[in-house]
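K.L.:
give me the fold of what follows.
(chains A, B and C)
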Amino acid sequence: MLERTFCHLKGIGNTTEAKIWESGVSHWNDILEGTDIPFSPAKVNELEIGCGESLKRLKEYDPIWFADRLPASDQWRLYPHFRKNIAYIDIETTGTDAHCCDITTIALWNGREVKTYVQGRNLHEFEEEIAKYQMIVSFNGKCFDVPFIEKYFGIKVKAAHIDLRFVFRSLGITGGLKGIEHYFGMDRGDAEGLDGYFAVLLWNEYEMSGNEKALETLLAYNVLDSVNLENLMIRGYNLHIERFPQHDLEPLSKVPEPLNPFKAHIDVVESIRRRYPSGGAFRKF
DNA sequence: CCCGTAGCAACGGGTCTCTT
DNA sequence: AAGAGACCCGTTGCTACGGG
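P.N.:
You can find the predicted model right below:
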């Protein structure tokens, strides 16, 4: 996919890229081998330099170089090439304002292992962990999770970042993470009906009364959100290549979801709902 | 509630193309 | 070879939306 991308190069927009494809080009190598394209010699020369550099950056596994140059609506093209080193992340906080609110828990799925971080326990270890990844996948993380993390830890997250909110938005699919999961018929099991606000209530319950079951329910919800990001990314990628002008691209197959190390406690959920009848997902009913 | 992102529309400026 | 016009990239300002 990436090897037929040109709109990350200076002076190449989507129109010019489409013209390149129409000339029968489907790989940077085609340009380097001198395939005839309808541009001035100066532009062709620039293109050759760009393709050479792109080949090198792909070989060196440098997703950040591409991410910095690709328009937001095309960041999904990076995915299959840099899957080996991805963190699917989701954070829970005490509210939406990064100036005054705390991070309570973080879930990170890297395709092999689920890692969780809890305030007052091991939250500080997240700083070292996130530095290991060259690519992040999130939902609305560009607006929420990453700025929050940067402010909270006082760090700069430099990884390439595919934000699924915008991957789906450019496909005309909106309605928030839960809405999109529902659109695809993805099951949330015991965490069905829980939302971000309910996560705040779960954290308060854990902090005020030391109820471990409340924390475990929160982590179950948090982990589910991060783990689901992988299959959502795959669905988003497949939808994008389906509507791509060239149809020889292989769709990615779904991956098995890892076992959630935490489980939601229905009794805790019910108890909180009784006390906050207007809170959380209860509002919907 | 608050905030950052990106899409849209409008526009400026640079480059390529076509004509003479 | 030069100039006018067409085309397209990239910027700016505005708005909608999603996170807990």
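K.L.:
going forward, measure contacts between C-alpha atoms and count neighbours the same way
P.N.:
Noted.
K.L.:
identify the bridge partners of A:Val118.
P.N.:
The bridge-partner assignment for A:Val118, based on DSSP bridges, gives A:Thr105.
K.L.:
that one against A:Thr105, yeah?
P.N.:
Yes - with contact defined as Cα atoms under 8 Å, A:Val118 counts as touching A:Thr105 (4.6 Å).
K.L.:
pLDDT below threshold where in chain A?
P.N.:
A:278-285 (pLDDT under 70).
K.L.:
max-length helix in it?
P.N.:
helix A:212-242 (DSSP state H).
K.L.:
which one of A:Val118 and A:Thr105 has more residues nearby?
P.N.:
A:Thr105 (25 against 18; other Cα atoms under 10 Å).
K.L.:
how about that one, what does it touch?
P.N.:
Neighbour list for A:Thr105: A:91-93, A:116-119, A:123, A:219, A:222 [criterion: Cα atoms under 8 Å, 6 or more residues apart in numbering].
K.L.:
again, but for A:Leu201
P.N.:
Here A:Leu201 is in contact with A:Ile272 (Cα under 8 Å, 6+ apart).
K.L.:
one more: A:Pro63?
P.N.:
Counted by Cα under 8 Å, 6+ apart, A:Pro63 has contacts A:57, A:78, A:82, A:134-135, A:159-160.
K.L.:
inside strands: which ones of the residues you listed?
P.N.:
Using DSSP state E, A:135, A:160 are the members of those that sit in strands.
K.L.:
distance to A:Ile173 for the contacts of A:Pro63 - can I get that in a markdown table?
P.N.:
Formatted as a markdown table, these follow (distance: Cα to Cα, whole Å):
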| residue | distance to A:Ile173 |
| --- | --- |
| A:Arg57 | 32 |
| A:Leu78 | 20 |
| A:Phe82 | 24 |
| A:Gln134 | 27 |
| A:Met135 | 23 |
| A:Ala159 | 25 |
| A:Ala160 | 23 |
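K.L.:
same for DNA strand C: which of the contacts of A:Thr105 are within range?
P.N.:
Filtering these for proximity to DNA strand C by Cα under 7 Å from any atom of the strand leaves A:91-93.
K.L.:
give me the neighbour count for A:Ser226.
P.N.:
A:Ser226 has 24 nearby residues by other Cα under 10 Å.
K.L.:
need the residues of chain A near DNA strand B, please.
P.N.:
Chain A has residues A:38-40, A:42-43, A:71-73, A:95-98, A:142-144, A:147, A:163, A:166, A:169-170 near DNA strand B, with proximity defined as Cα under 7 Å from any atom of the strand.
K.L.:
okay, the residue nearest the centre of chain A and DNA strand C: tell me how far apart.
P.N.:
Central residue of chain A (Cα atoms, centre = their mean): A:Val137, 2.2 Å from the mean position. Distance of A:Val137 to DNA strand C, computed by Cα to the nearest atom of the strand, to the nearest Å: 13 Å.
K.L.:
only alpha carbons, please: show the helix or strand hosting that residue as CSV.
P.N.:
Using DSSP states H and E, A:Val137 sits in strand A:135-138. The C-alpha coordinates for strand A:135-138 follow below in CSV (Å, rounded to 0.1, in the frame of the first residue of the first chain):
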residue,chain,number,x,y,z
MET,A,135,3.4,3.8,16.2
ILE,A,136,0.3,4.4,18.2
VAL,A,137,-3.3,3.6,17.3
SER,A,138,-6.1,5.2,19.3
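K.L.:
tell me the SS of A:Ile162?
P.N.:
Taken by DSSP: H, G, I helix; E, B strand; the rest coil, the conformation at A:Ile162 corresponds to strand.
K.L.:
in contact with the residue nearest to it when sequence neighbours are not counted, which residues?
P.N.:
Among residues not flanking A:Ile162 along the chain, A:Val137 sits closest, at 4.9 Å (Cα to Cα, 6 or more residues apart in numbering). Residues in contact with A:Val137 (Cα under 8 Å, 6+ apart) are A:86-89, A:161-164, A:229-230, A:233.
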